[in-house]
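Asker: here is a sequence together with a model predicted from it:
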Amino acid sequence: MGWIFLLVAGLFEIAWAIGLKYTQGFTRPLPTLLTLAAMGVSVLLLAMAVRHLPLGTAYAVWTGIGAVGTVLMGILLFGEPATAARLFCLALIIGGILGLKGIR
């Protein structure tokens, strides 16, 4: 169950990171509220995950999911560059996440 909490926490981390772009510096009320809610849910789910998983592993995987997802969403939503170097670095992060999941 810890890995499920962690995966969903990572998805909410992506949501709040992308939400930051839409808040326009926390000047837009609805995007700000949704972003803050996603932050809270993400941290709450991370806290639930660390009941079952090692803290260092859970935190690294959580930030990795957020980093990879945010970069991919930046490419899809905002036209950020998808260079070979960026995609290779994302592959390295994904490899690290998978490696940490296997270590437990």
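Answerer: Done, it's in. Note that the coordinates shown come from a computational prediction; the quantities given were computed from them, not determined experimentally.
Asker: what's the longest helix in this protein?
Answerer: helix 55-78 (DSSP state H).
Asker: show me where this structure has its helices.
Answerer: Using DSSP H, helices in the chain cover 2-23, 29-49, 55-78, 84-103.
Asker: ok, back up a step: now for the longest helix of the chain, which elements pack on it?
Answerer: Judged by 3 or more C-beta pairs under 8 Å, 6 or more residues apart in numbering; DSSP states H and E, helix 55-78 is in contact with helix 2-23, helix 29-49, helix 84-103. C-beta coordinates here come from the backbone N, C-alpha and C atoms, glycine included.
Asker: still on that earlier bit, quick check: which of the helices of the chain is buried the most?
Answerer: Mean neighbour count, computed with mean count of other C-beta atoms under 10 Å, is highest for helix 2-23 among the helices of the chain, reaching a mean of 19.
Asker: which residues touch the residue minimising distance to the centre of the chain?
Answerer: Per C-alpha atoms, centre = their mean, the C-alpha nearest to the average position across the chain is that of residue 66, at 1.7 Å. For residue 66, the contact set (C-beta atoms under 8 Å, 6 or more residues apart in numbering) comprises 10, 13-14, 17.
Asker: how about low-confidence regions in this protein?
Answerer: Across the chain, the ranges flagged by pLDDT under 70 are 103-104.
Asker: hmm, 90 instead?
Answerer: For the chain, the stretches flagged by pLDDT under 90 are 97-104.
Asker: just put the contacts of residue 66 in a markdown table and tack on distance to residue 59.
Answerer: Shown next, in a markdown table, are these (distance: C-beta to C-beta, whole Å):
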| residue | distance to residue 59 |
| --- | --- |
| 10 | 11 |
| 13 | 11 |
| 14 | 16 |
| 17 | 16 |
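Asker: need the max-distance pair from these.
Answerer: Pairwise distances across the contacts of residue 66 (C-beta to C-beta) peak at 10.6 Å, for the pair 10 and 17.
Asker: rewinding a little: the longest helix of the chain to helix 2-23, inter-axis angle?
Answerer: Angle, helix 55-78 to helix 2-23, by axes from the mean of the first three to the mean of the last three C-alpha atoms, to 10 degrees: 40 degrees.
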